[in-house]
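[1] Any chance you can model this:
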Amino acid sequence: MSRQAQLSVNTQALKNRAGKWIGTIFHYIVLLSLSFVFVYPVLYMFSRSLMLQTDVVDATVLWVPKQLSFANYANVFKALNYVHSGSISVFISVTAAVIQAVTCAIAGYGFARYRFPGYALFFGIVVFAFLVPPETYVVPLFIFYSDLGWMNTYYPFIVPTLFGHGLRGALYVLIFTQFFRGQPHELEEAARIDGAGAFKTFWTIMFPLARSAVIVVLLFSIVWHWNDLFQPNLFLQENKYFNLAQMLNLYSGAEAREMTETGAMGQPPLERYRTMAGALVTILPLLILYLFTQRYFVESIERTGIAGD
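    Presented below is the predicted three-dimensional model:
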């Protein structure tokens, strides 16, 4: 190979390497920018939640308080009745999520594998329930649950999940339907040859295969039930039944009323910083849950083909 040809090859190799490095740098810049958008509010809340009155009025304090204090957390932990209200949130979220993962999987499997009389109608109802926001039918739902005597009980959050519904239940049915449609029919044919019925085939073969979809539904359901404030405010009307989201809403509202009544709206926002501490302890269990399940969650999202909420 001539010297000129060798020089040309080396030049092209350098160009390819430089292009690769530029692409990598651009990739990380985009990722860091997106990470900053999501992480900044959490860091801001954490920083402000550690501040006391002296830090709030000190113009030199921006991010790091001069004296590390968890007084705001102690205040909101007591004000939110954290253990009691947190246990209610755990009960509602986990119970509803587990039941939805099973019942929505059954419904999704039925829509994916069977054609029965009224199939188009029932599937259209599922899509309709997914598209229509619950706020549009909340009045008849409230009247219905009131007539059943379900006010100040947790039945409105648990019983609908037994029938493949509940909060965002239609979405979970569609997730399982899409997943089971992508599975080979040979698995069920082999099970039928071995004498397995429809339900046994589903429970012993198809449902274990839907691990990725189950993880997605479990995490989505837990997060949405944990953060939901609309339905609990309708059906839980006494403080002793409130979950964490309701207690935080009650606490922040009380702080705002206190500032208004005392004429302190223009004063340093220590009350808001306490509310930030309350918001952090409220979402802390979800952050811990995602910390331990994020790898499985990302893999499940890829396998089920879900691009976003």
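[2] thought Ala170 was touching Phe122?
    No - in this structure, Ala170 is not within contact of Phe122 by CB atoms under 8 Å, at 11.5 Å. Heads up, the C-betas are built off the backbone N, CA and C, glycines and all.
[3] Now do stretch 194-209: distance to the chain's middle.
    30 Å (CA atoms, centre = their mean, to the nearest Å).
[4] for stretch 219-236, that is, sorry about that
    Chain-centre distance of stretch 219-236: 10 Å, with CA atoms, centre = their mean.
[5] can you map out the helices along the stretch 201-309 of the chain?
    Assigned by DSSP state H, counting those that start in this stretch, the stretch 201-309 of the chain shows helices spanning 207-209, 211-227, 230-235, 244-261, 270-304.
[6] Format the ones you listed as JSON lines; extra columns: mean pLDDT.
    Shown next, in JSON lines, are these (pLDDT from 0 to 100):
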{"stretch": "helix 207-209", "mean pLDDT": "92"}
{"stretch": "helix 211-227", "mean pLDDT": "93"}
{"stretch": "helix 230-235", "mean pLDDT": "93"}
{"stretch": "helix 244-261", "mean pLDDT": "75"}
{"stretch": "helix 270-304", "mean pLDDT": "82"}
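[7] Turn these into CSV, columns for distance to Val30.
    Below are the helices of the stretch 201-309 of the chain laid out as CSV (distance: least, CB to CB, whole Å):
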stretch, distance to Val30
helix 207-209, 35
helix 211-227, 25
helix 230-235, 35
helix 244-261, 33
helix 270-304, 18
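[8] Deepest in the core, which of those helices is it.
    Among these, helix 211-227 has the highest mean neighbour count (mean count of other CB atoms under 10 Å), at a mean of 21.
[9] of the helices of the stretch 201-309 of the chain, which approaches Asn16 most closely?
    Asn16 sits nearest to helix 270-304 of all the helices of the stretch 201-309 of the chain, at 29.0 Å, using CB to CB.
[10] hang on, the earlier thing: neighbour count winner among Ala170 and Phe122?
    Ala170 (20 against 14; other CB atoms under 10 Å).
[11] what helix or strand is the more buried one on?
    helix 169-181 (DSSP states H and E).
[12] what's that helix packed up against?
    helix 82-113, helix 119-131, helix 211-227, helix 270-304 (3 or more CB pairs under 8 Å, 6 or more residues apart in numbering; DSSP states H and E).
[13] thinking Gln100 is in contact with Gly164, fair?
    Yes - between Gln100 and Gly164 there is a contact under CB under 8 Å: 7.5 Å.
[14] Ala79 and Tyr251 touch, don't they?
    Yes - counting by CB under 8 Å, Ala79 does reach Tyr251; the two are 5.2 Å apart.
[15] residues shared between the contacts of those two?
    Here Ala79 and Tyr251 have Gly278 as joint contacts, going by CB atoms under 8 Å, 6 or more residues apart in numbering.
[16] before we move on, back to that, quick check: neighbours shared by Gln100 and Gly164?
    Tyr172.
[17] For the two, indicate the residue with more neighbours.
    Gln100 (28 against 22).
[18] dump the residue contacts of that one.
    Gln100 neighbours (CB under 8 Å, 6+ apart): Thr161, Gly164, Gly166, Gly169, Tyr172, Val217, Ser221.
[19] Do you know the pLDDT at it?
    Confidence at Gln100, expressed as pLDDT, is 97.
[20] and if you look at Ser8?
    So, for Ser8, pLDDT stands at 66.
[21] Over to Gly23?
    pLDDT at Gly23 comes out at 82.
[22] Give the residue spans of the stretch 1-150 of the chain that score low on pLDDT.
    1-10 (pLDDT under 70).
[23] Using the three-state scheme, assign Val64.
    coil (DSSP: H, G, I helix; E, B strand; the rest coil).
[24] so can I have TSV of the helices and strands packed on helix 169-181 showing distance to Phe70?
    What follows is these, written out as TSV (distance: least, CB to CB, whole Å):
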stretch	distance to Phe70
helix 82-113	13
helix 119-131	43
helix 211-227	23
helix 270-304	8
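[25] The ones you listed: which one's closest to Ala59?
    Of all those, helix 270-304 comes closest under CB to CB, at 15.3 Å.
[26] Taking helix 82-113 as reference, get the angle to that closest one.
    Counting by axes from the mean of the first three to the mean of the last three CA atoms, to 10 degrees, helix 270-304 lies at 30 degrees to helix 82-113.
[27] for helix 270-304, packing partners?
    Partner elements for helix 270-304 (3+ CB pairs under 8 Å, 6+ apart): helix 3-49, helix 53-57, helix 71-79, helix 82-113, helix 169-181, helix 211-227, helix 244-261.
[28] How confident was the prediction at Val173?
    96.
[29] Is it correct that it is in contact with Gly108?
    Yes - counting by CB under 8 Å, Val173 touches Gly108, with 5.0 Å between them.
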